[in-house]
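**Q** Structure for this input, please:
(one chain, ligands or ions: 1)
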Amino acid sequence: MNEFVLLAGSKDTRTALVNQLQEILDGYVRIASYSIEEGLPGLLHDQLVVISHPLVLEDPAIHHCLGSNCKVIIAKRIINYENIDKLLYLPAGTNALYVNDSLETCMESIDSLKKLGIDHIHYVPFYPGLQNARKIEIAVTPGAFELIPEHVRDVVSIGPRLMDISTINQILDHFHLNEPGDIISQRYLRKIIQLSKRLADTNQIATNLNKHLNDVLDGVNDGILTITREGKITVFNEELGHLLGVSPKQVIGRQIDQVIAHPELVDFLLSPSQEENRWFAFGQVEAVVQRFPLNKDQSLVATFKNARKTIELERSLRTELKKKGFVAKYTFDDLIGESRAITQTKTAAKKLAKTELTLLIQGESGTGKELFASAIHNASLREKGPFLAVNFSAISEDLMESELFGYEDGAFTGAKKGGKVGLFEQANGGTIFLDEIGDSSLKLQARLLRVLQEKEIMRIGGSKIIPIDVRIIAATNKNLLQMIDQGTFREDLYHRLRVLFVDLPSLRTRSDDIPLLIRQFIRHSQHSDVTVTAGVIEKLVSLPWYGNVRELKNTIDYMLAICEDNMLRMEDIPHESSFQRRGDSSGLLGGAARTQTNAPPVIPDEEDELLLILRGMQAIAERGATPNRRSIAESTASWARPLSEQQVRSRLDVLELRGYIVKNRGRFGTRLTEAGHAWLSSHKNPRG
Ligand SMILES: Nc1ncnc2c1ncn2[C@@H]1O[C@H](COP(=O)(O)OP(=O)(O)OP(=O)(O)O)[C@@H](O)[C@H]1O
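**A** This is a model prediction of the structure:
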């Protein structure tokens, strides 16, 4: 069979050319190939020698191979058509280094790329020894990777150039192979057709994707517009067409001010202002237009939300949450009371509502802890999210754990198939209210601490960490500090929970509010026209209400049920023995057994402590000294359990919230208010 010798400079070029030629000349001509890099053959005689590049012929080693009667063809080369699609993906105007071993080879390739029509790129030659090279981050190379400068980020490898059909014809002529010429040029063309088919396929994929994207944009319920920085429209979906009364098909590529006859809107879209949202009216329809930049400010996207539809959607989401019982029922307006103590507490709570911080509500049973938690959620940025209340005293520890954290399929015997989503996950985007946190076990406390620290949970039996976006409000009627002393509540959890705190005043300390509450409960009952005698109000105001507002409400409900002639009278008031005593968790009607006792109410320990602190402050002031945390702590030295300065601080916070003291810095120190003096004189003998 006919044979010729191919001599190339590098191994890569030799391999690429042999692969190309073997595919085309297979069955007609055999090739023996060598490269300077890998080693050349001995002296050649009577042979056709094809040399890959004129520079190769200049190499002295090549001359030593060329013996007598050798016919030399210097190959003409063209860019490898198999790889040029990589270049087509670079955006027009891209600056790219063309990297090869000399200026000459760089310029040849750049020239042939341009001749092939791949001229949308701005090629900058780069070769060894070049001075003051430009720092361009994209490089194109036929394979000279070792020459690519370090600052280059993206490399497009187009492989060594291939042999041109004219050189292949020269080889065929040499062997007088005219007959198979057609077959051979068909083989050559087939490769090129394969490439154009590949490009066409890519084009088809891009077209399909584009159509899919347009379908998606048209399927969206909001209007969507994209414009270039200069105001040329690039996206305009069908919904926007409906809203503005414009056909979307005719507007792409046009200037925004020629399409939208709404100067204020055009101004809003084109002006560089920082404003992101604005309301606009389009005929009968009102929409919120939201704008944001894209591609480093190259374009601007605007969405148009139909205001009425958005409100309807929000309403139906709320109904959905309501169905599940995940809504907060109360707002601050539902919190009845005008006394100083409750007004100050409400004012503070409203401010705390606006933060995202964890909050602990402390207060005796029935003081309205759940009501406050609900009102705080509704006044927070999370008001539209779910509000879930969990009561730790109501459920067993194991059940509570699976309720809160959920579990994976098969986590334990009896677990529901498919697993269960926990309350923390369900509360995502909203608030979870952990009521009676003092009743949680130490094991659960440890898990809760981790949730507070990491803001993530893991389902029981699961291994996946689930991030949660939930605000935690906890509440307790227990003295958590005492529980910490007794080792039944974790101190670290206490501090994590009490980042913010609200201490709710007992009803005893705000008896001025009792008439208001009575009227409110009657108004909201089924007997709203019932009246109350002054004597009844006076009597109810004088009662101790250890069950607080809940006990008062239950009492009124009871009286409304038994009263006659639409009037609450003295005889409707339950016997005193029916009222909840201090330390008795059962309340009238709301609780279980009632205890018979005529003993005077026992003042609670915490209340005693507060009274004694006030008394101590009074004594310090009478001595002409300034009551401050240290002097107050010292005044408790004789107590069975003296208070630390830190403990004094938390008690002073409570007293301040109730309006009994005013805290001042400096020489005025902390002093009693009139309400504080009045409270003190109404409780003569606290137990020390
Ligand atoms: N300031 C208030 N205004 C109107 N109603 C109130 C107020 N405070 C409490 N209530 C009513 O008192 C009852 C008890 O309130 P809530 O359940 O919030 O108390 P709580 O402190 O969470 O009680 P517990 O500690 O027993 O769980 C509810 O019926 C509530 O509507």
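**Q** make it CA atoms for all contacts and neighbour counts henceforth
**A** Noted.
**Q** Report the contact partners of the closest residue to the ligand within the stretch 501-650 of the chain.
**A** Nearest residue of the stretch 501-650 of the chain to the ligand, counting by C-alpha to the nearest ligand atom: Arg550, 4.0 Å away. Arg550 makes contact with Gly366, Thr367, Gly368, according to C-alpha atoms under 8 Å, 6 or more residues apart in numbering.
**Q** okay if I get those as a markdown table plus secondary structure?
**A** Formatted as a markdown table, the contacts of Arg550 follow (DSSP: H, G, I helix; E, B strand; the rest coil):
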| residue | secondary structure |
| --- | --- |
| Gly366 | coil |
| Thr367 | coil |
| Gly368 | coil |
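**Q** Flag every residue of this protein that's near the ligand.
**A** 334-337, 365-371, 477, 549-550 (C-alpha under 6 Å from any ligand atom).
**Q** Look at the residue sitting nearest the centre point of the chain and give its secondary structure.
**A** Most central in the chain under C-alpha atoms, centre = their mean is Asp469, positioned 8.1 Å from the mean C-alpha point. The three-state label given to Asp469 by three-state DSSP is coil.
**Q** list the helices and strands the helix or strand where Ile432 lies packs on?
**A** Ile432 is part of strand 431-435 when elements are defined by DSSP states H and E. Contact here means 3 or more C-alpha pairs under 8 Å, 6 or more residues apart in numbering; DSSP states H and E; on that basis strand 431-435 packs against helix 369-378, strand 387-391, strand 471-476.
**Q** So in that sheet, which strands flank that strand, and in what orientation?
**A** The strands beside strand 431-435 in its sheet (DSSP bridges) come out as strand 387-391 (parallel), strand 471-476 (parallel).
**Q** what angle sits between it and helix 369-378?
**A** Orientation check (axes from the mean of the first three to the mean of the last three C-alpha atoms, to 10 degrees): strand 431-435 against helix 369-378 gives 170 degrees.
**Q** Skip ahead from strand 431-435 and say which helix or strand is next.
**A** helix 442-454.
**Q** The residue nearest to the centre of the chain against Gln426, yeah?
**A** No: if you go by C-alpha atoms under 8 Å, Asp469 and Gln426 don't touch, sitting 10.2 Å apart.
**Q** and the closest residue to the ligand within the chain, what does it touch?
**A** At 3.1 Å from the ligand, Gly368 is the closest residue in the chain, using C-alpha to the nearest ligand atom. Residues in contact with Gly368, defined by C-alpha under 8 Å, 6+ apart, are Leu504, Val549, Arg550.
**Q** how about JSON lines for these, with distance to Ile183 and secondary structure added?
**A** Below are those laid out as JSON lines (distance: C-alpha to C-alpha, whole Å; DSSP: H, G, I helix; E, B strand; the rest coil):
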{"residue": "Leu504", "distance to Ile183": "96", "secondary structure": "coil"}
{"residue": "Val549", "distance to Ile183": "100", "secondary structure": "helix"}
{"residue": "Arg550", "distance to Ile183": "99", "secondary structure": "helix"}
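**Q** Turn those into a markdown table, columns for pLDDT and distance to Gln255.
**A** Listed next are the contacts of Gly368 as a markdown table, based on pLDDT from 0 to 100; distance: C-alpha to C-alpha, whole Å:
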| residue | pLDDT | distance to Gln255 |
| --- | --- | --- |
| Leu504 | 95 | 62 |
| Val549 | 95 | 66 |
| Arg550 | 93 | 66 |
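**Q** would JSON lines of those residues with distance to Gly430 be doable?
**A** Shown next, in JSON lines, are the contacts of Gly368 (distance: C-alpha to C-alpha, whole Å):
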{"residue": "Leu504", "distance to Gly430": "23"}
{"residue": "Val549", "distance to Gly430": "27"}
{"residue": "Arg550", "distance to Gly430": "27"}
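**Q** So which of those residues is the closest to Ala341?
**A** Ranked by distance to Ala341 (C-alpha to C-alpha), these are led by Leu504 at 8.5 Å.
**Q** Pretty sure the closest one sits against Glu370.
**A** No: if you go by C-alpha under 8 Å, Leu504 and Glu370 don't touch, sitting 11.0 Å apart.
**Q** circling back: let me know the closest of the contacts of Arg550 to Gly669.
**A** Thr367 (30.5 Å).
**Q** coming back round to it: for the strand holding Ile432, what is the distance to the chain centroid?
**A** In this view, strand 431-435 has its centroid 21 Å away from the chain centroid, taken as C-alpha atoms, centre = their mean, to the nearest Å.
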